[in-house]
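**Student:** Got a sequence here, can you model it:
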Amino acid sequence: MNLKPNCCKRFALVLVWGLLTVGAQAETQTSFDPGLTPFSVEIGKKPLRQAISLRTIMPGKTLDIRISQKAVGEFSATQGAQKLSISATGQIKWRAPNKPGYYPIVLLRNKDKRKIELQVFVLRPANQIVKGKLNGYQIGSYPSALNGLETYQPPAGFIEVTPEVENLLVSPHFRLNQFLCKQQSGYPKYLLLQVGLLDKLELLLKTVNAEGIRTDSFVVMSGYRTPFYNKAIGNVTNSRHIYGGAADIFIDVSPVNDYMDDLNGDGQTNLKDAEHLYAVADKLVSHSKRPELMGGVGLYNKTPAHGPFVHVDVRGTPARWGHK
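**Tutor:** Below you'll find the predicted structure:
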């Protein structure tokens, strides 16, 4: 190819620019986005941290939202097709309807269209359970609260899961169906999922990525378990899983094979990789200074049925097991 000198210069510049653009796009595609809120919001006087966030509420109750910035004319809020009123102090009060289901609320900053999505579910009351079943879905019986503790009280209601919502993002990197009980059933299915657990998993995911382990989510091997299913698999009666506050997780990115990845880079996949994830989870609350996420961390080795994994929960008190 015969190119004149000026053409060569232009060609070289275009080539360099193209390479830089491709490199920048590749970096953008591979960098981890924690999905934090673009503006400050409080729900029930507690700060919201993720731009996509699950909220659950009993029928007829009121959800208190406050945009912690000048809100007059700067923000808008909608629930479905309904525009919600925002006070001069940024407060929004939304009364849940009596019908259980999914009622998303979107908070929008008008000038740049940045938004926060509240994935709101009005719960199906637990008092509708008849002979251990809720709309035909086997729940079983909840045990008495362990030592009378509030965190072990039976639930007041359940998230109703239909095919239309089961794949819904309930935080920036986790979907509703990742936490469904493994028992076989038709729809609707029912679920408990604590916001604190999602917050803890998101923080753990952010920390893991910051340490150089690139993953967009964890595999949730086990999330919610009904008391019926929990008993069937022989687990402890007051497992945190039956309260929607626990998840058994591992990282499966390269290769994707439903097994823990080689996290420590020793060329093998074994308990040491789960220990690596355990070590990060073990220090997560103290390093982040997030005492509200206090809970258990457990280490589990592989069996013929599954690979090694780590348990995390938000029971409110520290607990550790499985690690020497």
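
**Student:** Show me what the helix or strand Y190 falls within is packed up against.
**Tutor:** Assigned by DSSP states H and E, Y190 belongs to strand 189-191. Other elements packing on strand 189-191 under the criterion 3 or more Cβ pairs under 8 Å, 6 or more residues apart in numbering; DSSP states H and E are strand 157-161. To be clear about C-beta, it is placed using only N, CA and C from the backbone, and glycine gets the same treatment.

**Student:** and the helix or strand following the strand it packs on, average pLDDT?
**Tutor:** Next along the chain after strand 157-161, taking DSSP H and E as the criterion, comes strand 169-171. The average pLDDT within strand 169-171 is 98.

**Student:** how about low-confidence regions in the stretch 201-324 of the chain?
**Tutor:** In the predicted model, the stretch 201-324 of the chain carries no residue with pLDDT under 70.

**Student:** just the strands in it please.
**Tutor:** Assigned by DSSP state E, counting those that start in this stretch, the stretch 201-324 of the chain shows strands spanning 219-222, 246-250, 296-300, 309-313, 319-321.

**Student:** For P255, grab phi and psi.
**Tutor:** Per-residue torsions, P255: phi -80, psi 160 (degrees, to the nearest 10).

**Student:** no, scratch that, I was asking about L36
**Tutor:** Reported as degrees, to the nearest 10, the phi and psi values for L36 are phi -80, psi 160.

**Student:** Comparing the strands of the stretch 201-324 of the chain, which comes out most buried?
**Tutor:** strand 309-313 (a mean of 26; mean count of other Cβ atoms under 10 Å).

**Student:** Which strand or helix spans E117?
**Tutor:** strand 114-122.

**Student:** likewise C181?
**Tutor:** Using DSSP H and E, no helix or strand contains C181.

**Student:** On the pLDDT front, check it for me.
**Tutor:** On pLDDT, C181 comes in at 98.

**Student:** That one contacts A232, doesn't it?
**Tutor:** No - if you go by Cβ atoms under 8 Å, C181 and A232 don't touch, sitting 10.6 Å apart.

**Student:** Of those two, which one has the most company?
**Tutor:** Per other Cβ atoms under 10 Å, whichever of C181 and A232 has more neighbours is C181, with 24 against 13.

**Student:** quick one, what contacts that one?
**Tutor:** In this structure, C181 makes contact with 189, 191, 223-226, 229, judged by Cβ atoms under 8 Å, 6 or more residues apart in numbering.

**Student:** ok, 6 Å please
**Tutor:** Residues near C181 by Cβ atoms under 6 Å, 6 or more residues apart in numbering: 224-226, 229.

**Student:** cool, Y142 as well?
**Tutor:** Y142 sits next to 154, 227 when contact means Cβ under 6 Å, 6+ apart.

**Student:** Secondary structure class of K83, three-state.
**Tutor:** strand (DSSP: H, G, I helix; E, B strand; the rest coil).

**Student:** number of nearby residues for it?
**Tutor:** Residues near K83, counting by other Cβ under 10 Å: 10.

**Student:** Could I get the strands of the stretch 201-324 of the chain in a markdown table, plus columns for distance to R109?
**Tutor:** Converted to a markdown table, the strands of the stretch 201-324 of the chain look like this (distance: least, Cβ to Cβ, whole Å):
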| stretch | distance to R109 |
| --- | --- |
| strand 219-222 | 32 |
| strand 246-250 | 32 |
| strand 296-300 | 37 |
| strand 309-313 | 33 |
| strand 319-321 | 40 |
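
**Student:** Next, format the contacts of C181 as TSV and append neighbour count and distance to K99.
**Tutor:** TSV is the format used below for the contacts of C181 (neighbours: other Cβ atoms under 10 Å; distance: Cβ to Cβ, whole Å):
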residue	neighbour count	distance to K99
Y224	28	22
R225	26	27
T226	27	23
Y229	21	27
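
**Student:** And the furthest pair within the residues you listed?
**Tutor:** The most widely separated members of those are Y224 and Y229, with 9.1 Å between them, by Cβ to Cβ.

**Student:** re the thing from before, return the distance of the strand holding Y190 from the chain's centre.
**Tutor:** Here strand 189-191 is found 16 Å from its chain centre; the criterion is Cα atoms, centre = their mean, to the nearest Å.

**Student:** Nearest residue to P291 in space, please, no chain neighbours.
**Tutor:** V285 (6.5 Å; Cβ to Cβ, 6 or more residues apart in numbering).

**Student:** Could you measure from that neighbour over to L197?
**Tutor:** Per Cβ to Cβ, to the nearest Å, V285 is found 13 Å from L197.

**Student:** Which residue of the two possesses the greater neighbour count?
**Tutor:** Taking other Cβ under 10 Å, V285 and L197 do not tie; L197 has more neighbours (27 against 19).

**Student:** element containing the more buried one, please.
**Tutor:** helix 195-210.

**Student:** That helix versus strand 246-250: what angle between them?
**Tutor:** 20 degrees (axes from the mean of the first three to the mean of the last three Cα atoms, to 10 degrees).
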